[in-house]
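> I need the structure of the sequence given here:
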Amino acid sequence: MGVLSKLEPGKVFEYFEQICQIPHGSGNEEGISNYLVDFAKEHGLEHYQDAAHNVIIIKEASAGYEDVAPVIIQGHMDMVAVKEAGCDIDLKKDPLRLCVEGDTVFAKGTSLGGDDGIAVAYALAVLSDESIAHPRLEVVITTDEEVGMYGANVIDLSMLKGRRLLNIDSEEEGILTVGCAGGLRVYSTLPVKREQRQGIALRVRLHGLQGGHSGAEIHKQRGNSNCLMGRLLYGMLDISDYGIRTLEGGTKDNVIPLDTEAVIVVDGSAEAEVLAYLKQYEETLKKELVKKDPGVCITVEKQSEGTYDCLDAVSVKRVAQLLTVTPNGVQEMSADIPGLVETSLNLGILKLTENALTMTQSIRSSVASEKEALKKKVSAVTEMAGGSVEYQGDYPAWEYQPDSKLRETMIEIYEAMYGRKPKVEVIHAGLECGLLSAKLPGLDCVSFGPDLTDIHTVNEKLHIASAKRTYEYLLKILAHK
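Residues are numbered from 1 along each chain as shown. Below is the predicted model:
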């Protein structure tokens, strides 16, 4: 008996648990893709699978709905696969360890992948249930959404007849999303030189931050451990010269990093002063982030004295300067929609190799010209430091449609079910609707979903009662003529 077997809707949680048994982090979706194909074969459904592992499953209309316009149900099969320090799960091979606590489902030690496993579970539950009333269903499940929407970018949708699309990739019940920012990924490389340095090695770890989704939670101004480490390194230049042996932080470009570690090498004569500086900097951060990241801390582990391969003095300064001046966080707020972040970026991944410092950043904007300007700003800053940049995963904004019949229908159904209107909004996080709309002229899209909290982190939770209500809402939308 499964961990989720007693939860309702039964079919939804049955399929969600099956999905969680198959590793499906971004870039590792072949297994989950083949699972979807096997599902389609088992149920005798028309299906397509492409080289990018995208899957489309089609089910013809139920009796009495043959003349109703088809509906596309869309989500993505990949998840942001992260785990907490010390967790022994191999996210490329092992199943998630699901737990139920009160009204929530979570995965012990890792992210849950409710974003967007719940969309897949909803779709499979609908497709497998012959009692559900619905028009022709065209289920589109894409790959690599979390790392640049690569699946949506290459998918062939020519077999689809529908022009009404339900994107189930939102994380707050009662909100209908009808537009989103565009974005791209920036890869920055700063060449470095190394030398042998005598001294005491200190393993400095800046951690205890909350992190979060760089689209949905960037406005909360939480600490970015990579940027805070850069500030630490630059400030320490005033205390003593030092070498950097290793430097690493963050796991995903679209996740606000919560843990960054450096091994620095200092002269024995400067050890006490350096440790005092690190303690003072920790106290400063605790005051600055007391409301946003109260758990922030710096731990220092003294290693042996010896000779180490480190960055030379020039490289140390360039690395510290670049990390200090690289833009990060909210850059512009919308003048048209109160509270909406218009443009932002997130320094998600930091890695020092033998010959270079590499940084991966996620840029988002609902204004194409601002996205381009921020792209050039990052390029200019990096090039001034002696580095270079590359770009990948550029996707367009999903623009708000003033005249949307699907939106109005969904508002009416929600109000009839719950006695209040849903909130309609445009968001800063990226959704695939912009790319799909470019492939299907006239596409009418709305995004919605159940309550998911702390997505893209090890604290991610799916709220059970909300998942049930949202599924019931989905069925009412499908049954509407």
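> how about low-confidence regions in the chain?
Within the chain, no range satisfies pLDDT under 70.
> Which parts of it belong to which domain?
Structurally, the chain divides into domains by automatic domain parsing as follows: 10-181+397-479, 188-394.
> closest one to L4 among those?
For those, the distance to L4 is smallest for domain 10-181+397-479, at 4.1 Å, taking CB to CB. Backbone N, C-alpha and C define where each C-beta goes, glycine included.
> Run the chain-centre distance for the closest one.
15 Å (CA atoms, centre = their mean, to the nearest Å).
> just stretch 218-230 next, same as before
With CA atoms, centre = their mean, you get 16 Å for stretch 218-230.
> contact partners of it?
Residues outside stretch 218-230 that contact it (CB atoms under 8 Å, 6 or more residues apart in numbering) are 206-207, 209-212, 247, 249-250, 256-260, 262, 285, 289, 292-293, 296, 319-320, 322-324, 326, 328-330, 339, 341, 344, 346-350, 359, 364, 428.
> Return the backbone torsion pair for L202.
Main-chain torsions, L202, degrees, to the nearest 10: phi -120, psi 120.
> For the residue nearest to T299 when sequence neighbours are not counted, grab the count of nearby residues.
Spatial nearest neighbour of T299, excluding adjacent residues (CB to CB, 6 or more residues apart in numbering): R205 at 4.9 Å. When neighbours are defined as other CB atoms under 10 Å, R205 has 19 of them.
> quick one: strands adjacent to the helix or strand containing R205?
Using DSSP states H and E, R205 sits within strand 194-207. Sheet pairing of strand 194-207 (DSSP bridges) gives strand 260-266 (antiparallel), strand 297-311 (antiparallel).
> Give me whichever of those strands is most buried.
Most buried of the strands paired with strand 194-207 by mean neighbour count (mean count of other CB atoms under 10 Å) is strand 260-266; its value is a mean of 22.
> Go ahead and name everything in contact with that one.
197, 199-207, 225-226, 228-229, 233, 236, 240, 242-250, 274, 303, 308, 310, 350.
> same thing with stretch 16-33?
Under CB under 8 Å, 6+ apart, the answer for stretch 16-33 is 2-5, 35, 49, 53-55, 77-81, 91-96, 98, 105, 107, 112-113, 117-118, 120-121, 143-147, 462.
> repeat that for 6 Å
Stretch 16-33 is contacted by residues 2, 4, 35, 53, 55, 77-79, 81, 91-93, 95-96, 98, 117, 120-121, 143-144, 146-147 when judged by CB atoms under 6 Å, 6 or more residues apart in numbering.
> Stretch 159-172 too?
Here stretch 159-172 makes contact (CB under 6 Å, 6+ apart) with 70-75, 116, 119, 122, 138, 177, 406, 431, 433, 442-445, 447-449, 452, 455.
> Between the two ends of it, what distance do you get?
31 Å (CA to CA, to the nearest Å).
> Secondary structure element for Y35, which one?
Here Y35, judged by DSSP H and E, is contained in helix 30-42.
> Packing partners of the helix or strand following that helix?
Going down the chain from helix 30-42, the next helix or strand is strand 46-49, by DSSP H and E. If you count contacts as 3 or more CB pairs under 6 Å, 6 or more residues apart in numbering; DSSP states H and E, strand 46-49 packs onto strand 55-59.
> Could you measure from A429 over to N346?
Using CB to CB, to the nearest Å, we find A429 at a distance of 11 Å from N346.
> quick one: which of the two has more around it?
Each of A429 and N346 has its neighbours counted (other CB under 10 Å); N346 has more, 28 against 23.
> Contact partners for E472?
Neighbours of E472 in contact, by CB under 6 Å, 6+ apart: none.
> element containing it, please.
Residue-wise, E472 maps onto helix 464-479 under DSSP H and E.
> coming back round to it: name the residues that touch the next helix or strand after the strand holding R205?
Per DSSP H and E, strand 194-207 leads on to strand 212-213 as the next helix or strand towards the C-terminus. Identification of contacts with strand 212-213 by CB under 6 Å, 6+ apart yields R222, I256, I455, H456.
> Then stretch 359-367?
Against stretch 359-367 from outside (CB under 6 Å, 6+ apart): 181, 183-188, 214-215, 253-254, 342-350, 371, 374, 397, 428.
> Among these, name the ones in helices.
K371, L374 (DSSP state H).
> What residues sit buried inside the helix holding E472?
Residues of helix 464-479 classed as buried by neighbour count (16 or more other CB atoms under 10 Å): I464, S466, A467, K468, R469, T470, Y471, Y473, L474, L475, I477, L478.
> do the same with stretch 434-452
In stretch 434-452, counting by 16+ other CB under 10 Å, buried: 434-437, 440, 443-452.
> Likewise for stretch 144-163?
So, applying 16+ other CB under 10 Å, buried residues of stretch 144-163: 144-153, 155, 157, 160, 162-163.
> cool, and stretch 278-288?
Per 16+ other CB under 10 Å, stretch 278-288 contains these buried residues: L278, Y281, E282, L285, K286.
> Which other helices and strands does whichever strand or helix holds K376 contact?
Using DSSP H and E, K376 maps to helix 368-384. In terms of contacts (3+ CB pairs under 6 Å, 6+ apart), helix 368-384 is packed against strand 182-191.
> Give me the contacts around the strand it packs on.
By CB under 6 Å, 6+ apart, strand 182-191 touches 148, 253, 322, 356-364, 371, 378, 382, 385, 387-397, 430.
> Could you rerun that using 7 Å?
148, 253, 318-319, 322, 355-365, 368, 371, 375, 378, 382, 385-397, 430, 434 (CB atoms under 7 Å, 6 or more residues apart in numbering).
> In helices, which of the residues you listed fall?
Using DSSP H, those in helices are R318, V319, L322, A368, K371, K375, V378, T382, G434.
> Please indicate which of the residues you listed are buried?
R318, V319, L322, K371, K375, V378, T382, G434.
> how much space is there between the residue nearest to K351 when sequence neighbours are not counted and Y471?
Nearest residue to K351, sequence neighbours excluded (CB to CB, 6+ apart): T358, at 4.9 Å. Note on T358: its distance to Y471, by CB to CB, is 42 Å.
> Report how many residues lie close to A119.
26.
> out of the buried residues of helix 464-479, which one sits closest to S62?
Using CB to CB, the buried residues of helix 464-479 come closest to S62 at L478, 9.1 Å.
> Surely that closest one touches D129?
No. If you go by CB atoms under 7 Å, L478 and D129 don't touch, sitting 10.8 Å apart.
> Now do the SS call for P327.
coil (DSSP: H, G, I helix; E, B strand; the rest coil).
> Okay, and which of the contacts of stretch 16-33 map to helices?
Y35, G117, V120, A121.
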